[in-house]
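[1] Build me a structure from this.
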Amino acid sequence: MDLSQPFPAMFPTVDSAVLSVLAETTKPRTGREIARLAEKSQSATQRVLDRLVEHGLVAQEAAGRSRIYTLNREHLAADPISALVNLRSLLFSRLKWNLGLWRPGPFHASVFGSAARGDGDIESDIDIFLVRRAAVEEDDPAWRGAVNVLGDSVFEWTGNHAGIAEFGQQELKRLRHDQPAIVSSIKADAIDLFGRPVHEVLGRA
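    Prediction:
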């Protein structure tokens with residue numbers, strides 16, 4: 001799954017591009033603005049807007065000599081469309097849910113890299129920084145089973161492989177001292193999922 005623009009990427013039409021623009025804001029926009037943000041022609045965008053207004057999914061108002069448009073969030077289709085536009089947030093919610101089932105839970109978990117930045121594509125891994133608690137051995141059967149289930153679940157949810165960077169809590173001091181490239185990447189854009197926040201685990205960026 002392309003996490004940068006999941007809805008238009010999976011359904012590459014003018015409709016999905018227009019709806020993505022409208023679903024990401026409550027600010028009224030002109031047809032010209034929507035066409036620019038959707039990266040579609042103004043004529044094609046206007047045809048889509050006119051049709052969606054007829055179906056009640058998009059609200060239209062006069063603003064001087066222009067018309068402005070917003071997504072009608074009371075429409076029955078608004079919530080499913082918003083869910084498609086916000087699949088990256090749904091992924092993070094599912095990851096938090098999965099990690100919350102672990103016994104014991106990790107000392108820390110966060111997503112970093114392209115998935116965190118929102119600029120990945122269908123070839124990108126979902127990068128996860130995972131820290132075992134000091135009392136949990138690397139080959140602990142319950143831990144290994146949970147990590148494997150997490151990787152399988154990420155692929156089932158997205159079609160992308162999970163790139164899990166796993167460390168023990170006792171390795172954090174070395175990571176903070178040596179500052180390998182992966183630490184810089186994690187500190188630059190990590191989104192916390194579970195446990196201690198990343199700025200406590202690795203130090204501030």
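
[2] Now Val111: closest residue in space that isn't a chain neighbour?
    Nearest non-adjacent residue to Val111, counting by CB to CB, 6 or more residues apart in numbering: Ile191, 5.2 Å away. Placement of C-beta: from N, CA and C, glycine included.

[3] For the one you found, give me phi and psi.
    phi -110, psi 120 (degrees, to the nearest 10).

[4] Just the element for the closest residue to Gly113 other than its chain neighbours, please.
    Spatial nearest neighbour of Gly113, chain neighbours left out: Asp127 (3.6 Å); criterion: CB to CB, 6+ apart. Element membership of Asp127, judged by DSSP states H and E, is strand 126-132.

[5] One more: His199?
    Using DSSP H and E, His199 sits in helix 198-202.

[6] how does this protein divide into domains?
    Per automatic domain parsing, the domain ranges recorded for the chain read 6-83, 86-202.

[7] okay if I get those domains as a markdown table plus mean neighbour count?
    Formatted as a markdown table, the domains of the chain follow (neighbours: other CB atoms under 10 Å):
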| stretch | mean neighbour count |
| --- | --- |
| domain 6-83 | 16 |
| domain 86-202 | 16 |
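
[8] which non-adjacent residue is nearest the spatially most central residue of the chain?
    Centroid-nearest residue in the chain: Arg88, 2.1 Å away (criterion: CA atoms, centre = their mean). The shortest distance from Arg88 to any non-neighbouring residue, by CB to CB, 6+ apart, is to Leu3 (4.9 Å).

[9] Now do the contacts for Leu193.
    For Leu193, the contacting residues are Phe92, Leu95, Lys96, Leu99, Ala109, Ser110, Val111, Ile128, by CB atoms under 8 Å, 6 or more residues apart in numbering.

[10] Which stretches in the protein count as helices?
    Using DSSP state H, the helices assigned to the chain run over residues 6-10, 14-23, 31-38, 42-54, 78-85, 87-100, 114-117, 141-158, 172-178, 181-189, 198-202.

[11] and these, which one is worst for confidence?
    The stretch with the lowest mean pLDDT among those is helix 6-10, at a mean of 81.

[12] elements contacting it?
    Packing partners of helix 6-10 (3 or more CB pairs under 8 Å, 6 or more residues apart in numbering; DSSP states H and E): helix 14-23, helix 78-85, helix 87-100.

[13] Would you check how far apart Ala17 and Thr45 are?
    8 Å (CB to CB, to the nearest Å).

[14] list residues touching both of those two?
    The contact sets of Ala17 and Thr45 overlap at Ala38 (CB under 8 Å, 6+ apart).

[15] Quick check: Arg133 touching Ala109?
    No: using CB atoms under 8 Å, Arg133 is not in contact with Ala109, being 11.5 Å away.

[16] hmm, back to that, redo the contacts of Leu193 as CSV? Include distance to Arg32.
    Formatted as CSV, those follow (distance: CB to CB, whole Å):
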residue, distance to Arg32
Phe92, 33
Leu95, 38
Lys96, 39
Leu99, 44
Ala109, 43
Ser110, 39
Val111, 36
Ile128, 41
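
[17] Tell me which two in those are the farthest apart.
    The span of those, defined through CB to CB, is set by Lys96 and Ile128 at 11.7 Å.

[18] re earlier: so what does the helix holding His199 touch, helix or strand wise?
    Under the contact criterion of 3+ CB pairs under 8 Å, 6+ apart, helix 198-202 touches strand 108-112, helix 172-178, helix 181-189.
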